[in-house]
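# structure for this input, please:
(chains A, B, C and D)
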Protein chains: 4
Amino acid sequence: METPIILKTFYKGKIKEYFTRADGELHTDLGIIKLEELRTKSPGDMVKSHLGIEFVIQKPKAPDFFKHAKRSGAPMMPKDIGVIIANTGVCSSDHVLDAGTGSGILAIYLGGIAKKVVSYEQREEFIGIARQNIALAGLSNVEVRHGDIVAEIQKLDERFDVITLDTIVSSQVIPYVPQVIYPGGFLAVYSPFFEQTKEIREAIGKTGFSQVQTIETIEREISFTDRGTRPATARVGHTGFITIARY
Amino acid sequence: METPIILKTFYKGKIKEYFTRADGELHTDLGIIKLEELRTKSPGDMVKSHLGIEFVIQKPKAPDFFKHAKRSGAPMMPKDIGVIIANTGVCSSDHVLDAGTGSGILAIYLGGIAKKVVSYEQREEFIGIARQNIALAGLSNVEVRHGDIVAEIQKLDERFDVITLDTIVSSQVIPYVPQVIYPGGFLAVYSPFFEQTKEIREAIGKTGFSQVQTIETIEREISFTDRGTRPATARVGHTGFITIARY
Amino acid sequence: METPIILKTFYKGKIKEYFTRADGELHTDLGIIKLEELRTKSPGDMVKSHLGIEFVIQKPKAPDFFKHAKRSGAPMMPKDIGVIIANTGVCSSDHVLDAGTGSGILAIYLGGIAKKVVSYEQREEFIGIARQNIALAGLSNVEVRHGDIVAEIQKLDERFDVITLDTIVSSQVIPYVPQVIYPGGFLAVYSPFFEQTKEIREAIGKTGFSQVQTIETIEREISFTDRGTRPATARVGHTGFITIARY
Amino acid sequence: METPIILKTFYKGKIKEYFTRADGELHTDLGIIKLEELRTKSPGDMVKSHLGIEFVIQKPKAPDFFKHAKRSGAPMMPKDIGVIIANTGVCSSDHVLDAGTGSGILAIYLGGIAKKVVSYEQREEFIGIARQNIALAGLSNVEVRHGDIVAEIQKLDERFDVITLDTIVSSQVIPYVPQVIYPGGFLAVYSPFFEQTKEIREAIGKTGFSQVQTIETIEREISFTDRGTRPATARVGHTGFITIARY
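Take a look at the predicted model:
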């Protein structure tokens, strides 16, 4: 196993979970684990710390990267990533164009699904973090490029099945989408504010897309306790609007 | 192109869209199209009807199958499919176990993402429809099996990364999930009613999963008209609860 | 009883309900009822049709007027009326200014609570309907006045505890609210669109209110059937935003 | 003015608000105010502290009592009080039966609207707090009685137009509601959990009500900032379900 792994153990009635690369040593309060040993093991296999505590090896999945990745800002929430994936139908044969990369969480989700993801980020200080997160996820099909997406999209000589935008300049990117998207391809644009979303809709309206819709999802967690069942009293409120359009 | 395609044209200011296999002739009110021609073409290429109307060829994507597939009941909505994909992190290297198949819409989504999907359906009359929909989607990695999932899961000699359940017997399936799921794998269970969801939670509680949560999403469409911007006045209400648990 | 009444009967296992004034005769498929008889009766008393079917007399309440009133447009929904009442704390000693009257439903609710309601409506054809609905509700403390609220509020020599606005000119009315509202009084403005709501917030911001908030409520009905309990699948979507501000 | 008042001032660009009875002296960081002076004044009049700072006198309204009242537990939220008021149409001629009193917030709202409110509370330690809050609100038409509502409703010799229940024994109270409610009167029952709500619905089903519905409202606040307009990111989640039934 070359990619990072999760080591999980049940100790004194509690689950303990460690997210790590298979490299060097992992020092935990349940003992030291030699990580080189993991290279010859598979998910489901066990490994022991020097104190004899057994850990089961887990393959990490996209939600782990959402939880454990280093963040350069507020990443897109799984609920919104789900809306994008379900409404674009992104699949294993797809080429995806993404901007801006941010911490790379959406790119990691898309990279786990699609054939190839190209993701642009303008802020140089974010690129390192994103590349590190993507490497940690073991994804070699996600390429983070440095550049202003408004300028870069005009120079692109590739075509994409799905294009995802989460930038403050999304409405300026949209006029160039037809040059790089396959007919039948989907554009998904994330925007937190109404004013932005309106500009995005106007840009889409002028560019000639079909099947345009703007969606917002409200996620509720249901709480199950001895007192009874009910929607949770605390939760995340609004995140953003997602506008889907097909070329 | 062997899989079905979408033929799209703009005619008299309106978009017309045809969903078809690349086989025989397509008779439209804009003329007849010889579909064999399409076998040598790619998405983005044009084809003409015998009346000279040009159609652009599109590769169909999962949302098209949701829209055009033959239905044997109410299929899971994209908003719920998105919740499952985002919270399980299902990816291109995954093996997925799914039940019940229904019309096969969720299996088509999962098949577009994962390496292999095995889907069980007990009602014989549904199997034909599901297989037909999956064949139409061009997916050879989705296998629909006939059988009662409660009995079948006990005989399975495979292991899966993700297991998705949308059946009335889900709470009876859950005790056997540990035998067929990889450590770190995710279970996602869809249930329309509170009573069912409570049984599912109880079964999960007894079986020893972690990271358990039950989610409901409310989807709102935002309407943009000349009169102004607002959440749409009409919309889909409740569909179901999705319980996610990790083994 | 001078006000209208509801006559209710259980007949062949079904509830039948008639909303009527205590005047003349009521012809129903369960016989004729002489309504003059009702003048000497009280809610809870019985009355018989000429076919011997018994009806119980009910005092109508505000939700009945919402259901039975003649409508000149889409009236405000009870869910939004509830938000206004709860957030303004309108009570039995209050004087209320309302515009535009519309069908008079909000004015009927407010008239059932407050000491005095003055309601302005510009469209002459609506005034007759509103006055008829208010008379039917037996409310003598609700006065419908004909006029443009933007002009009329500037001439008013009265003071109000609560002011409710549901007009397309609300943002133009707001600057004059301080002249007619008691310190500590509440303004409630209903607006369906974001653009309008933003203008309302800007007008409120310039005028010097405190405790400003804009609320939207999503109402869900819970469905209880033999199959189970769940939020209803069909329902009303967005109606409007309510902005509350205190002077 | 005998009831409590609010004293409001703008000082160094900020609103300062004091909620007080018109009794003795109020010591603020903007000086001392002799409260006896207020007895001869009216809302909108001004009063000065000994430091010469001017305060405007405001009549308090129900939302102030929600904010300032002493609490014996989590009181019902205005959003839910609004649902009860709008769906029962409670008005100035109504007699209301309420249980349990809790901090008395709902009773204060109802007392500000109805002719008479009788409210039962079983926990003796809560009664003092509720009576104090109600006295502070200047309401002489709200009577808090000590007793177990299940036992007390069976002995009652009065009739009510509206009955509101927020107790853990609500489903045991419901069978006796017909003995004390006017035909056409409304019952409103608040319950946080599904299990309870189901019991309430079953009790209502056996008792012979009509127009039964269970409502849940999700309240969202809209945020207006220089960055843009959007639903607020933080908010209150679920509070409770409200079941409305008409006798």
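# rest of the way, CA atoms for contacts and neighbours
Fine.
# list the contacts of the residue of chain A found nearest chain B.
Residue nearest to chain B within chain A (C-alpha to the nearest C-alpha): A:G82, separated by 3.8 Å. Going by C-alpha atoms under 8 Å, 6 or more residues apart in numbering or on different chains, A:G82 touches B:K79, B:I81, B:G82, B:V83, B:I84, B:I85, B:A86.
# if we take those residues, which one ends up nearest to B:N133?
Comparing the contacts of A:G82 against B:N133 with C-alpha to C-alpha places B:I81 closest, at 16.9 Å.
# chain center to the helix or strand that closest one falls within, what's the gap?
Under the criterion of DSSP states H and E, B:I81 resides in helix B:78-88. From the chain centre to the centre of helix B:78-88 is a distance of 10 Å (C-alpha atoms, centre = their mean, to the nearest Å).
# can I get it as CSV, trimmed to CA atoms?
Listed next in CSV are the C-alpha coordinates belonging to helix B:78-88 (Å, rounded to 0.1, in the frame of the first residue of the first chain):
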residue,chain,number,x,y,z
PRO,B,78,-30.5,12.5,-8.0
LYS,B,79,-30.5,14.6,-4.7
ASP,B,80,-30.3,11.3,-2.7
ILE,B,81,-27.9,9.6,-5.0
GLY,B,82,-25.6,12.6,-4.5
VAL,B,83,-25.8,12.2,-0.7
ILE,B,84,-24.9,8.5,-1.0
ILE,B,85,-21.9,9.2,-3.4
ALA,B,86,-20.6,12.1,-1.4
ASN,B,87,-20.8,10.4,2.0
THR,B,88,-19.5,7.0,0.9
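# give me the angle between that helix and helix A:78-88.
130 degrees (axes from the mean of the first three to the mean of the last three C-alpha atoms, to 10 degrees).
# packing partners of the helix or strand just after helix B:78-88?
Remark: after helix B:78-88, the chain's next helix or strand is strand B:95-99, criterion DSSP H and E. Packing partners of strand B:95-99 (3 or more C-alpha pairs under 8 Å, 6 or more residues apart in numbering or on different chains; DSSP states H and E): strand B:116-121, strand B:160-165.
# average model confidence for strand B:95-99?
Taken as a whole, strand B:95-99 has a mean pLDDT of 98.
# nearest residue to the residue of chain A closest to chain B other than its sequence neighbours?
B:G82 (3.8 Å; C-alpha to C-alpha, 6 or more residues apart in numbering or on different chains).
# roughly how far apart are the one you found and B:I244?
Counting by C-alpha to C-alpha, to the nearest Å, the gap from B:G82 to B:I244 is 13 Å.
# equivalent analysis for A:M76, please.
In terms of C-alpha to C-alpha, A:M76 sits 19 Å off from B:I244.
# go ahead and confirm A:M46 touches A:G52.
No - counting by C-alpha atoms under 8 Å, A:M46 sits too far from A:G52 to count as a contact (11.4 Å).
# those two - which one has more neighbours?
Between A:M46 and A:G52, counted using other C-alpha atoms under 10 Å in any protein chain shown, A:M46 has the larger neighbour count: 16 against 12.
# tell me the SS of the closest residue to that one other than its chain neighbours?
Using C-alpha to C-alpha, 6+ apart and skipping the chain neighbours, the partner closest in space to A:M46 is A:V56 (4.5 Å). Reduced to three states with DSSP: H, G, I helix; E, B strand; the rest coil, the structure at A:V56 is strand.
# close to chain B, is stretch A:156-174?
No - using C-alpha under 8 Å from any C-alpha of the partner chain, stretch A:156-174 stays clear of chain B, coming no nearer than 9.0 Å.
# mind listing residues that contact that stretch?
So stretch A:156-174 is contacted by A:88, A:90, A:94-100, A:149-150, A:153, A:179-182, A:184-191, A:196, A:199-200, A:203-204, A:207 (C-alpha under 8 Å, 6+ apart).
# what residues does chain A put near chain D?
So chain A meets chain D at A:192-196, A:227-239 (C-alpha under 8 Å from any C-alpha).
# same thing but 7 Å
A:192-195, A:228-239 (C-alpha under 7 Å from any C-alpha of the partner chain).
# identify, from those, the entry nearest to C:E219.
Distances from C:E219 to the residues of chain A next to chain D, taken by C-alpha to C-alpha, are shortest for A:P231, at 14.2 Å.
# which element is the nearest residue to that closest one once chain neighbours are set aside on?
With sequence-adjacent residues excluded and distances taken as C-alpha to C-alpha, 6+ apart, A:P231 is closest to A:I222, at 4.2 Å. Assigned by DSSP H and E, A:I222 belongs to strand A:210-225.
# report the buried residues of that strand.
Buried residues in strand A:210-225, counting neighbours by 16 or more other C-alpha atoms under 10 Å in any protein chain shown, are found at A:V212, A:Q213, A:T214, A:I215, A:E216, A:T217, A:I218, A:E219, A:R220, A:E221, A:I222, A:F224.
# make TSV out of the residues you listed and add pLDDT.
As requested, the buried residues of strand A:210-225 are exported to TSV (pLDDT from 0 to 100):
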residue	pLDDT
A:V212	96
A:Q213	96
A:T214	97
A:I215	95
A:E216	93
A:T217	91
A:I218	89
A:E219	90
A:R220	90
A:E221	92
A:I222	93
A:F224	95
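# where does chain A have low pLDDT?
A:1-2, A:235-236 (pLDDT under 70).
# got phi/psi on the nearest residue to A:I204 once chain neighbours are set aside?
Closest residue in space to A:I204, ignoring its immediate chain neighbours: A:I174 at 6.5 Å, by C-alpha to C-alpha, 6+ apart. The phi and psi values for A:I174, taken as degrees, to the nearest 10, are phi -50, psi -40.
# related to what we said a few turns ago, out of A:M76 and B:I244, which sits in the more crowded spot?
Comparing A:M76 with B:I244 by other C-alpha under 10 Å, the one with more neighbours is B:I244, at 25 against 18.
# just to be sure, that one is in a strand?
Yes - using three-state DSSP, the secondary structure at B:I244 is a strand.
# contacting residues around the nearest residue to it once chain neighbours are set aside?
What sits nearest to B:I244 in space, not counting adjacent residues and going by C-alpha to C-alpha, 6+ apart, is B:A188, at 4.6 Å. Residues in contact with B:A188 (C-alpha atoms under 7 Å, 6 or more residues apart in numbering or on different chains) are B:I84, B:I163, B:T164, B:L165, B:I242, B:T243, B:I244, B:A245.
# most surrounded residue in the residues you listed?
B:I84 (29 neighbours).
# just give the number of residues close to the residue nearest to A:M46.
A:V56: 19 neighbours (other C-alpha under 10 Å).
# could you measure it against chain C, distance?
Distance check for A:V56 against chain C: by C-alpha to the nearest C-alpha, to the nearest Å, it reads 38 Å.
# mind listing the residues bridging to that residue?
A:K8, A:M46 (DSSP bridges).
# OK, contacts around whatever residue of chain A ends up closest to chain C?
Minimum separation of chain A from chain C (C-alpha to the nearest C-alpha) falls at A:F194, amounting to 8.1 Å. Contacts for A:F194 (C-alpha under 7 Å, 6+ apart) come out as D:G228, D:T229, D:R230.
# touching, the first one and A:E195? I think so.
Yep, that's D:G228 we're talking about. Yes - here D:G228 reaches A:E195: they are 6.2 Å apart, a contact under C-alpha atoms under 7 Å.
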